[in-house]
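Visitor: Predicted model and sequence follow; I will ask about them next.
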Amino acid sequence: MIISFVNLILFLTITFLSLHGYGLIISTLFSKDNFFINNYKTLNLIFGLILVGSLSILISFFSNLSNIICFSVIIFGILILIINLIYLKYKNFELRYLFIIIFISLVFSFYSLGNDDFSYHLQTIVLFKENIVFDIIHSRQTSYNSFWLIISSLLYIDFFPQTLFTITSLLYSSLVFDIYSSLKRNFKNKNNLLIVYTFTNLLFLLGVINNYQNFGTDFPGQI
């Protein structure tokens, strides 16, 4: 139990750092004073997911999305982040943000094993984990892989089931953090209409989307 927690914390951390690194490739194309990039950190995570997903599609034509490929992609993303932090003087990275996201994600990732992904989506994920796209026998459930599922295929470690929910929990946790931060910012600036809007969004995430046993790969579409 303790070992699983430690392993999950490590995987969540390196995955998040890696996605953040990939996201910087797109984020740096925008102005340094861009309000949305600076205040909504989920955007950088989404940018990272877009690049990793695109990379996964290209890789799937030539290789299966094995664990080795997974760790190679993660390490490359971390190297990009390190280069930005050391050589490009990237300063919009907060350890507080990292700790909060990892803590929230840990809860969702570890307690999501009751989801139906193990009887439905996992079949598709495993196929792309073990085969190149041309070797997959087509059927109703496996003919095509969604963009989100192919990211899940790449970042899923087959001997560590909780990793199936890693990117969903990271996206959800980051979004909760951003909306809460936005709510605080609106209170400070006395933006009454935005206070109501962000508060109702936060209630929706925590009260409707926040369902442990159904926290699977369908959630990004709802978000």
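Guide: Nice, thanks for sending it over.

Visitor: Check the burial of Phe30 by counting its neighbours.
Guide: Phe30: 13 surrounding residues under other C-beta atoms under 10 Å. Placement of C-beta: from N, CA and C, glycine included.

Visitor: just Cys70 next, same as before
Guide: Cys70, neighbours per other C-beta under 10 Å, totals 21.

Visitor: contacting residues around the closest residue to Phe30 other than its chain neighbours?
Guide: Using C-beta to C-beta, 6 or more residues apart in numbering and skipping the chain neighbours, the partner closest in space to Phe30 is Ile37 (5.2 Å). Counting by C-beta atoms under 8 Å, 6 or more residues apart in numbering, Ile37 touches Ser27, Phe30, Leu43, Asn44, Asn92.

Visitor: One more pass at 10 Å, please.
Guide: In this structure, Ile37 makes contact with Gly23, Ile26, Ser27, Thr28, Leu29, Phe30, Ser31, Leu43, Asn44, Phe47, Asn92, judged by C-beta atoms under 10 Å, 6 or more residues apart in numbering.

Visitor: Give me the distance between it and Asp178.
Guide: From Ile37 across to Asp178, the span is 12 Å (C-beta to C-beta, to the nearest Å).

Visitor: coming back round to it: could you rank the contacts of Ile37 by neighbour count and give me the top one?
Guide: Of all the contacts of Ile37, Gly23 has the most neighbours under the rule other C-beta under 10 Å, reaching 26 neighbours.

Visitor: Go ahead and confirm that one touches Phe30.
Guide: No: between Gly23 and Phe30 there is no contact, the gap being 11.3 Å when judged by C-beta atoms under 10 Å.

Visitor: Touching both of these two, which residues are there?
Guide: Residues touching both Gly23 and Phe30 (C-beta under 10 Å, 6+ apart): Ile37, Leu43, Phe47.

Visitor: Give me the secondary structure label for the second one.
Guide: If I follow you right, that is Leu43. Assigned by DSSP: H, G, I helix; E, B strand; the rest coil, the conformation of Leu43 is helix.

Visitor: pLDDT below threshold where in the chain?
Guide: The model of the chain has pLDDT under 70 over residues 1-4, 31-33, 35, 88-93, 109-120, 138-145, 209-223.

Visitor: before we move on, which element is the most centrally placed residue in the chain in?
Guide: By C-alpha atoms, centre = their mean, the chain has its centre lying nearest to Ile167, at 3.1 Å. Per DSSP states H and E, Ile167 falls inside helix 166-189.

Visitor: got the buried residues for that helix?
Guide: 166-180, 182-183, 186 (16 or more other C-beta atoms under 10 Å).
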